[in-house]
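In: coords please:
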Amino acid sequence: MDLKDFERAQELISSKQMTLKQWAEGYATFHGGAAQDWESAYVARMLVNAQASAQQSLRKVVESYSVPKRLVRALRLCETFSSEYNTKAVIVFELSEDKQSAKALLVSKRAKRTNSSDSTSSNSRISAWVAYNRTREEDKTARIDIRKNADGTYTDQSVGQNVDIGRKRGGLAGYAVRQYPNSAWAALILKYKTKQD
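Out: Next up is the predicted model:
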């Protein structure tokens with residue numbers, strides 16, 4: 001449903017001229033589909049709008065906050081520490097149980113070592129997913145379109161199916177070399193000692 005239809009539905013429902021169920025049934029009659037699906041679409045749109053509104057209010061509160069000089073100094077020290085020791089140092093704030101006070105905590109993680117794109121030493125590595133993203137523009141003519149799914153699997157949109165990424169078959173790197181042997185993607189993978197993504 002487009003924005004205009006949503007706003008009209010919102011007007012009818014909030015003024016109690018119609019219930020959500022009545023609106024969905026009427027909308028389905030004229031636009032096709034199941035009333036239950038239109039009802040779900042309306043509720044989903046309401047949630048998205050509510051989240052956007054709440055985020056905007058939160059952003060205003062956060063961005064209008066005047067950061068104390070002591071915190072600015074702590075942020076500078078974190079930045080210096082991060083660059084000197086190849087560590088990502090971040091300050092996080094944790095609310096107390098009664099939500100009346102907060103304490104600052106330092107969280108630090110060792111930064112990942114990255115390889116330069118032209119590094120080809122025997123120890124250099126690149127994941128098949130990183131290789132795909134680096135060469136995606138070059139392989140446009142081959143129409144390679146790989147999507148990474150939320151569950152960690154991959155879908156090859158070019159052929160419209162799930163990709164076999166079992167480790168026995170070489171994972172995503174193996175798939176690239178088997179399925180697209182002449183691509184820039186496969187060439188970059190073969191240039192490096194690959195690892196599983």
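In: distance between the helix or strand harbouring residue 4 and the chain's centre?
Out: Following DSSP states H and E, one finds residue 4 within helix 3-14. Distance of helix 3-14 from its chain centroid, counting by CA atoms, centre = their mean, to the nearest Å, is 30 Å.
In: I'd like the next helix or strand past it.
Out: Using DSSP H and E, the helix or strand that follows helix 3-14 in sequence is helix 20-31.
In: one step back: tell me the angle of the helix holding residue 4 relative to helix 20-31?
Out: 150 degrees (axes from the mean of the first three to the mean of the last three CA atoms, to 10 degrees).
In: residue 99 - that's part of a helix, no?
Out: No - according to DSSP: H, G, I helix; E, B strand; the rest coil, residue 99 belongs to no helix; its state is coil.
In: rewinding a little: report the buried residues of the helix holding residue 4.
Out: By 16 or more other CB atoms under 10 Å, the buried positions in helix 3-14 come out as 5, 9, 12-13. C-beta coordinates here come from the backbone N, C-alpha and C atoms, glycine included.
In: before we move on, what about stretch 129-139?
Out: Within stretch 129-139, judged by 16+ other CB under 10 Å, the buried ones are 129-132, 135, 139.
In: what residues does that stretch touch?
Out: Contacts to stretch 129-139, defined as CB atoms under 8 Å, 6 or more residues apart in numbering, come from residues 117, 144, 146, 148, 154, 172-173, 176, 180, 183-185, 187-189, 192, 194, 197.
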